[in-house]
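Visitor: sequence-free structure coming up:
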Ligand SMILES: [Zn+2]
């Protein structure tokens, strides 16, 4: 007789948070989250199977996942089971025994999992990787704009965040959120209608970068100048594959460089660029640092901290830098309109006047009252650990 018990499958490096979210994502059941490292056997009877995958798109050469097969049990619990995986076209998507998905060639394929008498399937599309550019490409439009950079210390493994679309998704989710939050989006530097992302191999190692501490941003700015040239019209949104202590990001205001630190100690393992409508920690940090570049928080603003260009009053403010907080936060841009965005204070700089914004066109406004998801930041990432003091 076959066992109806779900066998726990090791998480294989999937971030803890992702796994818990996936485990809780089964809708209205009261299932116990699957905790990596803690085998859990369901006492219930299997009632169905569901595949969970980060997204339905991957690039040629990319390995995604693993996809996970969840058993649904009659007692309301779910558990990862060791399903048998198959691809409708292994020439397009290869699926490993443990559910790892590899993009082999451009096309579409269906990946299925079966366990006991149940099965589930997901459709996947495989696209060409984005081209990689090591120079600023011809701009679609002139004027002030934000140019994205994927910056790797000399010794850090290249995980293709530019080629596999992660940075593009991160920027898209920032744009979605900003349009909804303040009715403005960023003037992004695009080429051929797509974000122009420059790949920059840095002349220093991750360790050297960390030792530079406060001057890391200045060095990043210099590396951008030397490596790809800079334009006085441009600000730079840098995805830096390194760290500087606990900081999740920082800015060099005079050089117009905003950076997020992808290997930061102080940032949870939330995925960067998880989806176009799934902005989270790294997207919040990028907007926070860009706001510094745009002039936030000006010294003339009431409520500005004496010690740093942040606010100390409203805990939900994206520029908040007050005491630690212990709940998940829905971040907002100057919700009181009294510190740095549309504050209306005479003779006090306002970031809403920045030329890096463009108002959202009416056709882009959410239709039928449908709002894009709010920017939820896990409590352990709040307030944002910013390198600017
Ligand atoms: Zn800051």
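Guide: Ah, there it is. Computed from a prediction, not measured in an experiment: that's the story for all the values here.

Visitor: and residue 71, what element?
Guide: Assignment of secondary structure by DSSP states H and E places residue 71 within strand 68-73.

Visitor: so what strands line up beside the helix or strand just after that strand?
Guide: Under the assignment DSSP H and E, the closest C-terminal helix or strand after strand 68-73 is strand 78-80. Strand pairing for strand 78-80, determined by DSSP bridges: strand 68-73 (antiparallel).

Visitor: gap between the strand holding residue 71 and the chain center?
Guide: Put simply, strand 68-73 sits 26 Å off its chain's centre (C-alpha atoms, centre = their mean, to the nearest Å).

Visitor: with stretch 214-229 instead?
Guide: Taking C-alpha atoms, centre = their mean, the mean C-alpha location of stretch 214-229 is offset from the chain mean by 23 Å.

Visitor: what does this structure put close to the ion?
Guide: 386, 388 (C-beta under 5 Å from the ion). All C-beta atoms are positioned from the backbone trio N, CA, C, and that covers glycine.

Visitor: got the domain ranges for the chain?
Guide: 16-127, 145-381 (automatic domain parsing).

Visitor: which one of those domains has the lowest average pLDDT?
Guide: Looking at these, the lowest mean pLDDT belongs to domain 16-127 (a mean of 81).

Visitor: and the residue in the chain that the ion sits nearest to, bridged to which residues?
Guide: Nearest to the ion in the chain, going by C-beta to the ion, is residue 386, at a distance of 2.9 Å. The bridge-partner assignment for residue 386, based on DSSP bridges, gives residue 249.

Visitor: so it touches residue 245, yeah?
Guide: No - between residue 386 and residue 245 there is no contact under C-beta atoms under 8 Å: 11.6 Å.

Visitor: between the two, which is the more surrounded one?
Guide: Taking other C-beta atoms under 10 Å, residue 386 and residue 245 do not tie; residue 386 has more neighbours (21 against 13).

Visitor: quick one: the helices in the stretch 101-250 of the chain?
Guide: 166-182, 206-211, 216-228 (DSSP state H, counting those that start in this stretch).

Visitor: and the ones you listed, which is most packed in?
Guide: Mean neighbours per residue, mean count of other C-beta atoms under 10 Å, is largest over those for helix 166-182, with a mean of 22.

Visitor: so what does that one touch, helix or strand wise?
Guide: The contact analysis (3 or more C-beta pairs under 8 Å, 6 or more residues apart in numbering; DSSP states H and E) places helix 166-182 against strand 145-152, strand 184-186, strand 194-195, strand 234-240, helix 281-293.

Visitor: pipe those into a markdown table and attach mean neighbour count and distance to residue 217 per row.
Guide: As requested, those are arranged in a markdown table below (neighbours: other C-beta atoms under 10 Å; distance: least, C-beta to C-beta, whole Å):
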| stretch | mean neighbour count | distance to residue 217 |
| --- | --- | --- |
| strand 145-152 | 23 | 11 |
| strand 184-186 | 21 | 19 |
| strand 194-195 | 18 | 22 |
| strand 234-240 | 26 | 9 |
| helix 281-293 | 26 | 9 |
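
Visitor: using the three-state scheme, assign the residue positioned nearest the centre of the chain.
Guide: Closest residue to the average C-alpha location of the chain: residue 272 at 2.4 Å, with C-alpha atoms, centre = their mean. Following DSSP: H, G, I helix; E, B strand; the rest coil, we place residue 272 in the coil state.

Visitor: am I right that it is in contact with residue 164?
Guide: No - applying C-beta under 8 Å, one finds residue 272 not in contact with residue 164, separated by 11.6 Å.

Visitor: sorry, back to before: in the strand holding residue 71, what's buried?
Guide: Buried positions in strand 68-73, judged by neighbour count with 16 or more other C-beta atoms under 10 Å: 68-73.

Visitor: count the neighbours of residue 232 for me.
Guide: The number of residues packed near residue 232 is 6, by other C-beta under 10 Å.

Visitor: ok, now residue 159?
Guide: 14.

Visitor: once you drop chain neighbours, what's closest to it?
Guide: residue 241 (7.4 Å; C-beta to C-beta, 6 or more residues apart in numbering).

Visitor: tell me the contacts of the one you found?
Guide: By C-beta atoms under 8 Å, 6 or more residues apart in numbering, residue 241 lies in contact with 150-153, 156, 159, 161, 206, 262-263.

Visitor: tabulate those (CSV), appending distance to residue 288.
Guide: Below are the contacts of residue 241 laid out as CSV (distance: C-beta to C-beta, whole Å):
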residue, distance to residue 288
150, 19
151, 18
152, 22
153, 23
156, 23
159, 23
161, 20
206, 23
262, 15
263, 18
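
Visitor: wait, residue 54 sits on residue 65?
Guide: Yes - Residue 54 is within contact range of residue 65, at 6.6 Å (criterion: C-beta under 8 Å).

Visitor: show me where the stretch 251-389 of the chain has strands.
Guide: Listed from the start of the chain, the stretch 251-389 of the chain has strands (DSSP state E, counting those that start in this stretch) covering 257-261, 329-330, 357-359, 376-377.

Visitor: closest to residue 108 out of those?
Guide: Closest of those to residue 108 is strand 376-377, at 31.8 Å (criterion: C-beta to C-beta).

Visitor: the closest one - contacts with which helices or strands?
Guide: Based on contacts counted as 3+ C-beta pairs under 8 Å, 6+ apart, the elements that strand 376-377 packs against are strand 329-330.

Visitor: the strand it packs on pairs with which strands?
Guide: strand 376-377 (antiparallel).
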